[in-house]
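Novice: Give me a 3D structure for the following:
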Amino acid sequence: MMRIILMAGTALAVAGAMPAVAQAQKITLNVGGLEKQIYLPAKLAEALGYYKEQGLEVSLVDEQAGVEGADALVAGEVEGVVGFYDHTVDLASKGKHAESIVQFSRAPGEVELVSTRIAHKVKSFADLKGASLGVTGLGSSTNFLTQYMTVRNGLPVSAVTSIPVGAGGTFLAALKQGAIDGGMTTEPTVSRAVDTGLAKVFVDMRTEANTRAALGGTYPAACLYMSTAYVQKHPEITQKLANAFVKTPRSRPSCRTTTTPAARRSTSRPWTPARRCSPPTASCPPMARRRC
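Specialist: Predicted coordinates:
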């Protein structure tokens, strides 16, 4: 019996001397559409193991519209959102403070499509007066952009009706059924709509040059944004997320990476300077022409 007790005591002593295994920090990120090419870094970082490399256990929550992610952030249901930068501006107007931690792009990557049923008579945005245009959700970035383009082209916001139809299959079904006359969406939905003859490209904002032509300037879009209060309270976790996202595009040749001031404030290492994309290639298609 004494021998057993001595052996047990030795085992406990050895176990106590071993370093504790660090627990992965659990983080939940809302993504405004995992199938969308503009949000590819979120899934790519997971697939390449960059979250785990930073000691993070990241859960990605898929949503159809970015407004749902903004609501989830305000409600404290998620730590961050992979969505459009304009939601931080919208939240600020409501007294809520959020900030972009890693900016993916300066172009929306969105396309205004028009149904082939009416494409022949739509020569300018003014010709869409009275049209029903699909958006991912009311209060979403596609809704913001649709309203802005309406006003920019001399029409009142009420001249077109925004219909929440999501993206992907639900957007395509709305086009096919005639529930919408067109709408704003991104890849891969754009290619599916055009290739199947459901719609034609009317306004293309997949590059910075086209975005300037359509909107009058660049438009910081896809990014990782978080509550300012969370960033200030958890600088280490924020830094780890920034590290994972900044590293992700480096596996895609020709793309550049840039961190925002919020991420740089908590860094203890030098940041890689931005690198501009070369012309689109298979490894860096137009939609991947991003800043991260």
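
Novice: give me the number of residues near Lys94?
Specialist: By other CB atoms under 10 Å, 9 other residues sit near Lys94. Where you see a C-beta, it was placed from the backbone N, CA and C, and this is true even at glycine.

Novice: Kindly apply the preceding question to Ala199 instead.
Specialist: 30.

Novice: show me the contacts for it.
Specialist: Taking CB atoms under 8 Å, 6 or more residues apart in numbering, we find Ala199 in contact with 113-116, 119, 175, 182, 193.

Novice: let's see it at 6 Å
Specialist: 113, 115, 175, 193 (CB atoms under 6 Å, 6 or more residues apart in numbering).

Novice: Could you pull out the strands in the stretch 1-150 of the chain for me?
Specialist: 25-31, 56-62, 80-84, 98-103, 110-115, 132-135 (DSSP state E, counting those that start in this stretch).

Novice: Columns mean pLDDT on top of the ones you listed, output as TSV?
Specialist: As requested, these are exported to TSV (pLDDT from 0 to 100):
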stretch	mean pLDDT
strand 25-31	95
strand 56-62	95
strand 80-84	96
strand 98-103	95
strand 110-115	97
strand 132-135	97
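
Novice: In JSON lines, list the ones you listed along with distance to Leu224.
Specialist: Listed next are the strands of the stretch 1-150 of the chain as JSON lines, based on distance: least, CB to CB, whole Å:
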{"stretch": "strand 25-31", "distance to Leu224": "7"}
{"stretch": "strand 56-62", "distance to Leu224": "11"}
{"stretch": "strand 80-84", "distance to Leu224": "5"}
{"stretch": "strand 98-103", "distance to Leu224": "5"}
{"stretch": "strand 110-115", "distance to Leu224": "18"}
{"stretch": "strand 132-135", "distance to Leu224": "22"}
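
Novice: about what we covered before: just name the closest of the contacts of Ala199 to Thr228, please.
Specialist: Leu113 (35.6 Å; CB to CB).

Novice: Need the phi and psi values for the residue nearest to that closest one when sequence neighbours are not counted.
Specialist: Leaving aside its chain neighbours, Leu113 sits nearest to Ala199 (3.9 Å; criterion: CB to CB, 6 or more residues apart in numbering). Backbone torsions of Ala199, given as degrees, to the nearest 10, read phi -150, psi 170.
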